[in-house]
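Novice: show me how the following folds:
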Amino acid sequence: MRLCLGPVKMTDPRRADVIQCTTLQRVEPWLCLILEPLLGFHVLAASVLLVFALSRFAGFAVGGAQYAPPNLVIPYLTDEQVFFVAGLLELWAAWLCWRWRGNPKASVMILFFVSLMVWYRLAQVWLGSGTSRCGCFGLLGTFTGMSVRTEKLLSAVVLVVLVLCALPAHFEDEKRDLKREQK
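Specialist: Just a heads-up that it's a prediction; the model follows:
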């Protein structure tokens, strides 16, 4: 149980576990995620990124032929090396989203990650490898038997969800700027 005291304020990312609600009350930690939407969005983004990273690394542990060919976007690396770096990037982004939850820095990290993934997918399409399996889901895609089209569609949906998780921080900044201008 946490004691919540006053209006919501999240200034220090290291103190993101201290949630202040609108009234003096005792609430469960999961309820604080609902009371502080930005914090909840960042936790959702961190969870999604962590699941993708773990699925990607599990795909390496099981082994798969889909990672064997040389990569078309970064020709001096194999697909396996590029997907390993992508898994590390997902893990790093998940950790930073969790560490900075409730802070606009987490939203910047999410948008950076999404822009990097969109750049990579556009480069794949432009270079002509847009018809092959992207491997975005790692072991989840292999075990569920997703078609190439379904995997691409769901990966795009996940990127949109990540962007939606990052947008509230932008609107919070806009509201804060409007309040400053009104004073």
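
Novice: now Ala123. Nearest residue, chain neighbours left out?
Specialist: Using CB to CB, 6 or more residues apart in numbering and skipping the chain neighbours, the partner closest in space to Ala123 is Val73 (4.4 Å). C-betas here are computed from N, CA, C, even on glycine.

Novice: again with Trp95
Specialist: Excluding the flanking residues, the one nearest Trp95 by CB to CB, 6+ apart is Ala46, at 7.6 Å.

Novice: in stretch 117-132, which residues are buried?
Specialist: Under the neighbour-count criterion of 16 or more other CB atoms under 10 Å, stretch 117-132 has Met117, Tyr120, Arg121, Gln124, Ser129 buried.

Novice: what's the lowest-pLDDT member of these?
Specialist: Within those, the minimum per-residue pLDDT falls on Ser129 (68).

Novice: what residues of the helix or strand in which Leu54 is found count as buried?
Specialist: Secondary structure assigned from DSSP states H and E places Leu54 in helix 37-62. For helix 37-62, a neighbour-count test (16+ other CB under 10 Å) marks 38-46, 48-57, 59 as buried.

Novice: so Gly102 sits in a helix?
Specialist: No. Assessed by DSSP: H, G, I helix; E, B strand; the rest coil, Gly102 does not belong to a helix; its assignment is coil.

Novice: you'd agree it is up against Phe41?
Specialist: No. Between Gly102 and Phe41 there is no contact under CB atoms under 8 Å: 9.2 Å.

Novice: run through this structure and note the low-pLDDT ranges.
Specialist: Where the chain drops to pLDDT under 70, the residues are 1-38, 63-68, 129-134, 170-180, 182-183.

Novice: which residues of it fall in helices?
Specialist: In the chain, the segments counted as helices under DSSP state H are 29-35, 37-62, 79-99, 104-127, 139-144, 148-182.

Novice: to Pro69, which of those helices lies closest?
Specialist: Of all the helices of the chain, helix 79-99 sits nearest to Pro69, with 5.6 Å by CB to CB.

Novice: buried residues, the closest one. List them.
Specialist: Buried residues in helix 79-99 (16+ other CB under 10 Å): 79-80, 82-84, 86-87, 89-91, 93-94, 96-99.

Novice: and the angle for that helix with helix 37-62?
Specialist: With axes from the mean of the first three to the mean of the last three CA atoms, to 10 degrees defining the directions, helix 79-99 sits at 150 degrees from helix 37-62.

Novice: okay, the angle between helix 79-99 and helix 104-127?
Specialist: Orientation note: helix 79-99 sits at an angle of 160 degrees relative to helix 104-127 (the same axes, to 10 degrees).

Novice: got the contact list for helix 79-99?
Specialist: Applying CB atoms under 8 Å, 6 or more residues apart in numbering, the external contacts of helix 79-99 come out as 13, 42-43, 45-47, 49-50, 52-53, 56-57, 59-60, 66-71, 73-74, 77, 105-106, 109-110, 112-113, 116, 120, 135, 138.
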